[in-house]
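>>> attaching a predicted model along with its sequence, questions to come.
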Amino acid sequence: MCIRDSNGDRVARTYVIQGAASIYMQNCKNQLPECQLRRWLEEQIKRGKPYGKIIVSLAAKLLRIVWALLTYKEKFHIHKAGVPRSVLAAIERPQESTVAAEAAA
């Protein structure tokens, strides 16, 4: 029997929430590497956002990261996690021009 409701698969949703809680705990224990995701978490905590809302927001963010990885067929990189694609494109553009200049030389 498949347990489904209007919000999707309960088991999958539970696992994503547990994953988000795990990342939150890693951050609290200072085990999460310095990255955009950690800065985002720290900002949410600093604003006084309740634990439950942070976890649900983090779970949604993780799902968007997974969706982007699957859509764009890229490998996961902790320092890119949580960074908007437009910002990543702006960062990568100067590197491309540097590579082109080196190839021309």
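That came in fine, so what should we check first? Numbers count the residues shown, from 1 in each chain.
>>> quick one: the strands in this structure?
In the chain, the segments counted as strands under DSSP state E are 4-5, 8-9.
>>> what packs against the longest helix anywhere in the chain?
Longest helix in the chain, counting residues (DSSP state H): helix 51-72. Applying 3 or more C-beta pairs under 8 Å, 6 or more residues apart in numbering; DSSP states H and E, one finds that helix 51-72 contacts helix 10-28, helix 36-46. For the C-beta atoms, the positions are set from N, CA and C on the backbone; glycine is no exception.
>>> which elements pack onto the shortest one?
I take that to be helix 36-46. helix 10-28, helix 51-72.
>>> quick one on the thing from earlier: lowest mean pLDDT across the strands of the chain, which one is that?
Among the strands of the chain, strand 4-5 has the lowest mean pLDDT, at a mean of 56.
>>> so where's this protein shaky on pLDDT?
The model of the chain has pLDDT under 70 over residues 1-7, 78-89, 91-105.
>>> at 90 what do you get?
1-10, 12, 32-37, 62-105 (pLDDT under 90).
>>> against R38, how distant is I17?
19 Å (C-beta to C-beta, to the nearest Å).
>>> related to what we said a few turns ago, just send the helices and strands packed on helix 36-46 back as TSV, with distance to E42 and mean neighbour count too.
Listed next are these as TSV, based on distance: least, C-beta to C-beta, whole Å; neighbours: other C-beta atoms under 10 Å:
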stretch	distance to E42	mean neighbour count
helix 10-28	7	14
helix 51-72	11	14
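>>> figure out which of those is closest to Q44.
helix 51-72 (4.9 Å; C-beta to C-beta).
>>> thanks again, I'm all set now.
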